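Visitor: coords please:
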Amino acid sequence: MIQLHERTESELNIHRSVGRAKNPASLTTTWTLPTFFDAVNANSAVPKALVPRCPIRVRISFASSWKVLCVLEVALDFEPIVGAHKLTLLHTAAANVAPFETLGQELAPDIPLQHVVDDSLLSEARERGGVTPYLNRRVTTAVLNAIDGGAKAVLCTCSSIGPRVEVARPFTDRPVMRVDDPMAEETVQAGSRIAVAATLQSTLVPTIEIVKRAAERNDKQIELIEILCDSAWAAFAAGNQDGYNNEIVKSLEPAAADVDVIVLAQASMAGAADRLNSDIPLLTSPRSGFQAAIATFRATI
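Guide: Modelled structure (predicted):
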């Protein structure tokens with residue numbers, strides 16, 4: 001399911017032009033965005049996440065043969081308004097929208113945010129192990145759609161599809177960022193014996209890889225301990241954030257006394273950071289990743 005969340009109410013106008021081949025004529029109507037969505041079937045091939053906060057021109061061509069009216073072509077053109085800059089956050093869980101929106105209000109209230117949620121990307125990564133040409137294409141398409149919709153930069157908040165986001169970078173000159181990049185840099189500076197915790201196997205592997213890359217860049221020797229908190233995911237899927245955090249803490253406690261730093265691989269795990277009774281540094285990705293995205297965004301405008 002794809003969802004679109006905007007910080008402010010959109011002022012989109014959708015223009016529909018209709019022409020007949022045998023009787024050239026045109027009819028132009030203007031719809032506001034809610035009216036347009038009311039008119040779009042829930043099973044439409046045009047997902048809401050593709051509709052940016054900018055004017056859209058919809059061309060529909062018809063040909064009539066006597067009393068028969070046939071649709072020949074339907075084309076959507078996405079035309080960003082000049083100066084309509086925004087930072088788009090690509091999520092794979094709707095629960096991540098509110099925490100990042102809160103960060104946005106705290107750290108960058110002047111920057112317009114767009115939250116695009118597509119939970120099917122995470123489902124695909126989990127079912128197929130995270131590495132498929134089809135998933136690469138889908139994530140790249142999501143990134144490019146955001147940029148076509150006026151995004152000056154895109155931040156992916158899901159570590160499971162982080163490597164797929166990197167695949168999209170060669171196709172645009174706009175910044176395309178992973179939320180866990182800054183966390184990986186912090187991790188290798190915090191110590192050499194590192195516990196990487198995740199509630200999904202599909203997130204554990206890419207997070208370990210990004211930490212290894214950070215260690216190589218910084219010429220650091222590290223030892224990695226994997227912690228899979230798989231018992232927690234059922235609570236998250238059920239919307240039980242409190243139970244989710246408690247299960248994560250239970251999984252972390254045995255390792256807390258034997259490592260230099262603990263990394264919480266998923267943005268959704270950040271709420272557990274304050275619950276672990278330990279002096280060991282516990283690193284999460286939302287704040288550091290969002291701060292880096294803000295700095296990059298400001299540098300592009």
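
Visitor: Could you count how many residues lie near residue 255?
Guide: 17 (other C-beta atoms under 10 Å). Bear in mind the C-beta positions are built from the backbone N, C-alpha and C, glycine included.

Visitor: and it, what pLDDT?
Guide: At residue 255, the predicted lDDT confidence score is 87.

Visitor: Distance check, it against residue 273.
Guide: When C-beta to C-beta, to the nearest Å is applied, the distance between residue 255 and residue 273 equals 15 Å.

Visitor: now residue 159
Guide: With C-beta to C-beta as the criterion, residue 159 and residue 273 are 15 Å apart.

Visitor: Same question for residue 125.
Guide: For residue 125, the distance to residue 273 - C-beta to C-beta - is 24 Å.

Visitor: more crowded one of the two?
Guide: Neighbours per residue, other C-beta under 10 Å: of residue 125 and residue 273, the larger number sits with residue 125, 27 against 18.

Visitor: residues contacting that one?
Guide: With contacts defined as C-beta atoms under 8 Å, 6 or more residues apart in numbering, the neighbours of residue 125 are 92, 135, 160, 161, 164, 202.

Visitor: so what's residue 101 scoring on pLDDT?
Guide: 97.

Visitor: Correction: the previous question concerned residue 10.
Guide: pLDDT, residue 10: 37.

Visitor: JSON lines please, covering the contacts of residue 125 and showing pLDDT and secondary structure.
Guide: Supplementary listing: the contacts of residue 125 in JSON lines, determined by pLDDT from 0 to 100; DSSP: H, G, I helix; E, B strand; the rest coil:
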{"residue": "92", "pLDDT": "94", "secondary structure": "coil"}
{"residue": "135", "pLDDT": "93", "secondary structure": "helix"}
{"residue": "160", "pLDDT": "92", "secondary structure": "coil"}
{"residue": "161", "pLDDT": "93", "secondary structure": "coil"}
{"residue": "164", "pLDDT": "91", "secondary structure": "helix"}
{"residue": "202", "pLDDT": "88", "secondary structure": "helix"}
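
Visitor: so which of those is the most crowded?
Guide: In terms of neighbours by other C-beta under 10 Å, the contacts of residue 125 top out with residue 161 at 28 neighbours.

Visitor: Contacts only, for it.
Guide: Applying C-beta under 8 Å, 6+ apart as the definition, the contact partners of residue 161 turn out to be 92, 121, 122, 125, 130, 135, 139.

Visitor: and the last one, how many neighbours?
Guide: Taking other C-beta under 10 Å as the criterion, the count of residues near residue 139 is 27.

Visitor: Distance-wise, check the nearest residue to it once chain neighbours are set aside relative to residue 288.
Guide: What sits nearest to residue 139 in space, not counting adjacent residues and going by C-beta to C-beta, 6 or more residues apart in numbering, is residue 164, at 4.0 Å. According to C-beta to C-beta, residue 164 stands 21 Å off from residue 288.

Visitor: And for residue 85?
Guide: The gap separating residue 85 from residue 288 is 23 Å, by C-beta to C-beta.

Visitor: How about residue 174?
Guide: 21 Å.

Visitor: What of residue 223?
Guide: Separation of residue 223 from residue 288 (C-beta to C-beta): 22 Å.

Visitor: same thing with residue 112?
Guide: 22 Å.

Visitor: Also residue 133?
Guide: Distance of residue 133 to residue 288, computed by C-beta to C-beta: 31 Å.

Visitor: Comparing the two, which shows the higher neighbour count?
Guide: Ranked by neighbour count (other C-beta under 10 Å), residue 133 and residue 288 place residue 288 first, with 18 against 8.

Visitor: Now that one: closest residue in space, sequence neighbours ignored.
Guide: When the adjacent residues along the chain are set aside, residue 288 lies closest to residue 182, with 4.0 Å between them (C-beta to C-beta, 6+ apart).

Visitor: Give me the neighbour count for that neighbour.
Guide: Per other C-beta under 10 Å, the neighbour tally for residue 182 reads 21.

Visitor: Need the pLDDT of it.
Guide: So, for residue 182, pLDDT stands at 97.

Visitor: got it, and residue 70?
Guide: Note for residue 70: predicted pLDDT of 42.
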